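K.L.:
A predicted structure for the sequence below; I have some questions about it.
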Amino acid sequence: MLVINVYLPCVGTVDRQFTYDAVFCNLLSWIDNYPDHMLILGGDLNVDIDKICPVSTLVNKFIFDCNLHRCDTMFNVGSTLSTYYNEALGTESYIDYFLVNDVSSVLSFSVLNLETNLSNHRPITISCSMKNITNVNVPVAHEKSPTAGPNPQLRWDYANLDLCRSVTGYHLQHIFREMLTLDEASVLSTDYIDQLYGKVADTLRIGSDSAVPVYRKNFFKHWWDSNMDDIKKRSIASCKFWKSAGRPRSGHIYHIYRKDKAAYKSSIRKRQREAKEAYTNDCIAVDLVVICLFRPL
């Protein structure tokens with residue numbers, strides 16, 4: 001299978017037609033090198049190829065020369081939902097496509113209309129069947145381990161705090177009772193203090209190993225919290241209500257939908273920006289360790 005992903009220049013780009021022509025010439029050479037492969041070409045062509053213009057003519061000629069077929073026309077979904085829409089300008093178009101050289105291999109095609117999608121483009125998806133698969137010695141890219149990379153950290157925001165509190169509390173009680181046996185006359189040597197310190201550190205380590213996952217720094221969206229969950233839920237709910245009302249372009253329902261969606265997008269950008277300036281997970285870890293140590297069981 002030869003999979004090609006393209007992103008072609010939009011209207012107003014300097015030497016736009018020349019760029020299209022250059023890209024297609026490059027793609028033709030790759031396609032010629034794999035004549036027996038199943039070909040899937042998909043992406044943002046940035047032109048409605050059903051409308052006549054110099055760029056769409058170039059695209060349709062490339063489709064004809066490579067004997068490709070549009071997946072959207074196979075299942076008659078191209079006219080039902082646009083792949084690009086701009087709510088602010090009230091414009092929409094069909095500019096994202098999947099093209100294949102084997103019609104029989106395509107099982108389905110759809111344009112996804114997701115409430116959580118913040119892009120101006122709607123995702124498109126296809127499912128295909130593979131034929132004549134042979135074993136080829138191709139290096140396999142192993143999934144990156146969540147603990148791989150520099151500076152893996154304890155993720156207290158994903159910890160089982162009840163379990164951690166139970167494990168550490170059990171062991172710390174014994175250390176506390178031992179400390180209660182000391183009186184004012186006792187001589188606290190540095191060796192004894194180091195011994196107590198080691199016991200406390202070992203107890204905290206046992207608690208973290210039992211209940212706190214360890215991941216590299218950016219494995220999770222550490223800036224995501226319950227407040228972000230609420231903002232996302234409001235955005236999804238108002239989007240569903242707006243759709244059920246017939247997608248009005250004005251009025252109270254439309255205003256609420258646009259307001260909740262804008263709040264969701266701006267919150268994500270704000271949190272991402274703040275995450276670049278400071279990473280607060282270490283502070284969270286310290287606070288939770290203090291809770292584990294001193295909260296009554």
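P.N.:
Received, thanks.
K.L.:
quick one: the longest helix seen in the chain to chain centroid distance?
P.N.:
For the chain, the helix with the greatest residue count under DSSP state H is helix 252-277. Here helix 252-277 shows a centroid-to-chain-centroid distance of 17 Å under the convention C-alpha atoms, centre = their mean, to the nearest Å.
K.L.:
Give me the buried positions along it.
P.N.:
253-254, 256-257, 260-261, 264, 267-268, 271 (16 or more other C-beta atoms under 10 Å). Backbone N, C-alpha and C define where each C-beta goes, glycine included.
K.L.:
Equivalent analysis for stretch 101-113, please.
P.N.:
By 16+ other C-beta under 10 Å, the buried positions in stretch 101-113 come out as 101-102, 105-106, 109-111.
K.L.:
which residues in the stretch 51-200 of the chain form helices?
P.N.:
Taking DSSP state H, counting those that start in this stretch, the helices of the stretch 51-200 of the chain run over residues 54-65, 71-74, 161-180, 190-211.
K.L.:
The closest residue to Leu58 other than its chain neighbours: what's it in contact with?
P.N.:
In space, and not counting its chain neighbours, Leu58 is closest to Tyr20: 4.9 Å by C-beta to C-beta, 6 or more residues apart in numbering. When contacts are counted by C-beta atoms under 8 Å, 6 or more residues apart in numbering, Tyr20 is found next to 8-9, 55, 58-59.
K.L.:
Repeat that for Gly207.
P.N.:
With contact taken as C-beta under 8 Å, 6+ apart, Gly207 is in contact with 164-165, 167-168, 292.
K.L.:
what does the model give it for pLDDT?
P.N.:
The predicted structure scores Gly207 at 85 on the pLDDT scale.
K.L.:
Can you give me the domain boundaries for the protein?
P.N.:
In terms of domains, the chain is parsed into 2-128, 153-218+282-294, 226-278 (source: automatic domain parsing).
K.L.:
Give the phi and psi angles for the spatially closest residue to Tyr97 that is not a sequence neighbour, as a check.
P.N.:
For Tyr97, ignoring the flanking residues on the chain, the nearest one in space by C-beta to C-beta, 6+ apart is Leu45 at 5.6 Å. Backbone geometry at Leu45, expressed as degrees, to the nearest 10, gives phi -80, psi -10.
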